[in-house]
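Colleague: Sequence and computational prediction follow.
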Amino acid sequence: MAQFHIRAIGMAYVTMIRAIAIAFTSHNVLVLLSLTGLIASGAAVVFMLLEGWRYIDALYFAVVTMATVGYGDFAPTTAAGKVFTIGYLFIGIGMFVLAVGASAEAMISALRRLSEDQ
């Protein structure tokens, strides 16, 4: 009986990985993920200039902020950095949500197609 559960779990993981691979071939997903990456990269350059951070730190802050994680280890200290962050939050979070939503929709659609094929 335990072998059946292990096999079923393994098959579920394989199906999920196949669905993820299919989802990431979707034009909409690729465009939204690319735009999200461009926005985060652009924001990182602005944070570098305004806050004097290294690029990796600025990119880390941009991604963590966009994903609404907010660890608190980096925060803008200049007035210009704070004002930019306010605007970036609206654009960045919106793009992040769109990209995650499109990815999830594509994965669910792929899972449905894969389950119909079985």
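Modeller: Received the coordinates, thanks. Residues are numbered from 1 along each chain as shown.

Colleague: Could you use CA atoms for every contact and neighbour count after this?
Modeller: Noted.

Colleague: now for the longest helix seen in the chain, which elements pack on it?
Modeller: Secondary structure of the chain per DSSP state H: the longest helix is helix 79-117. Packing partners of helix 79-117 (3 or more Cα pairs under 8 Å, 6 or more residues apart in numbering; DSSP states H and E): helix 2-23, helix 27-51, helix 55-66.

Colleague: On the three-state scheme, residue 69 is what?
Modeller: For residue 69, the assignment made with DSSP: H, G, I helix; E, B strand; the rest coil gives coil.

Colleague: tell me the pLDDT at it?
Modeller: Reading off the confidence values, residue 69 has pLDDT 91.

Colleague: go on, residue 7?
Modeller: 80.

Colleague: give me the low-pLDDT residue ranges for the chain?
Modeller: The chain contains residues with pLDDT under 70 at 1-4, 118.

Colleague: Let me have the helices and strands packed on helix 79-117 in a markdown table, adding distance to residue 98 and mean neighbour count as columns.
Modeller: What follows is the helices and strands packed on helix 79-117, written out as a markdown table (distance: least, Cα to Cα, whole Å; neighbours: other Cα atoms under 10 Å):
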| stretch | distance to residue 98 | mean neighbour count |
| --- | --- | --- |
| helix 2-23 | 14 | 13 |
| helix 27-51 | 7 | 18 |
| helix 55-66 | 12 | 20 |
